[in-house]
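# structure for the following, please:
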Amino acid sequence: MTSKVYVALRVKATPERAFAAFTDEIGEWWRASPLFETTPRPGTLSFEPGPEGRLIETRAGGKVFEIGRIRAWEPPGRLVFSWRQANFPLDLHTEVEVRFEAVGEETRVSIEHRGFDQVPAGSAARHRFPDAVLLARLAEYWQSQIRSLGGRVTR
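Below is the predicted model of the structure:
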């Protein structure tokens, strides 16, 4: 199995605006998915900004789940963070790299999610999908998230 998926879509915003919306407003545009839930009862995502920050999900009642830690914080061009779903083994993290590149008056938002080859074959995170189907669904998931981000930045 390949270890990554890569998707890229353009949004109608500057890289600065796209990066800010991705990091500062993620709780407003992020859409939960039954296939790639970070927790069984999704809450609100938020970043603790900066190189020592985290991506967290705060559920009703205030319980916080740490999805990942920031590995690179380079506004407005690049963000890298670890990614862990609640149904991953405790020591397993994948990695997400997001790039924001100006293309005329738009920004190409590209996401590379790598490391899914580390998720054990019997893990609930794989949903019993063959490798190719799992990666196709993961790519669809990230495309949907970028489209939702695009809707946010054009408001």
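
# low-confidence stretches in this structure?
Counting by pLDDT under 70, the chain has low-confidence residues at 1-2, 124-127, 155.

# how about the spatially most central residue of it, what does it touch?
In the chain, the centroid-proximal residue (C-alpha atoms, centre = their mean) is Val96; its distance is 6.2 Å. By C-beta atoms under 8 Å, 6 or more residues apart in numbering, the contact list for Val96 reads 68, 80-83, 111-114. Quick note: C-beta positions are derived from backbone N, CA and C, even for glycine.

# repeat the analysis, applying 10 Å as the threshold.
By C-beta atoms under 10 Å, 6 or more residues apart in numbering, the residues touching Val96 are 4, 55, 67-68, 71, 79-83, 111-115, 142.

# quick one: buried ones out of these?
Buried members of the contacts of Val96, counted by 16 or more other C-beta atoms under 10 Å: 4, 55, 67-68, 79-83, 111-114, 142.

# got the phi and psi for the residue located most distally from the centre of the chain?
Going by C-alpha atoms, centre = their mean, the residue of the chain most distant from its centre is Gly104, 24.8 Å out. When read as degrees, to the nearest 10, the backbone of Gly104 gives phi 60, psi -130.
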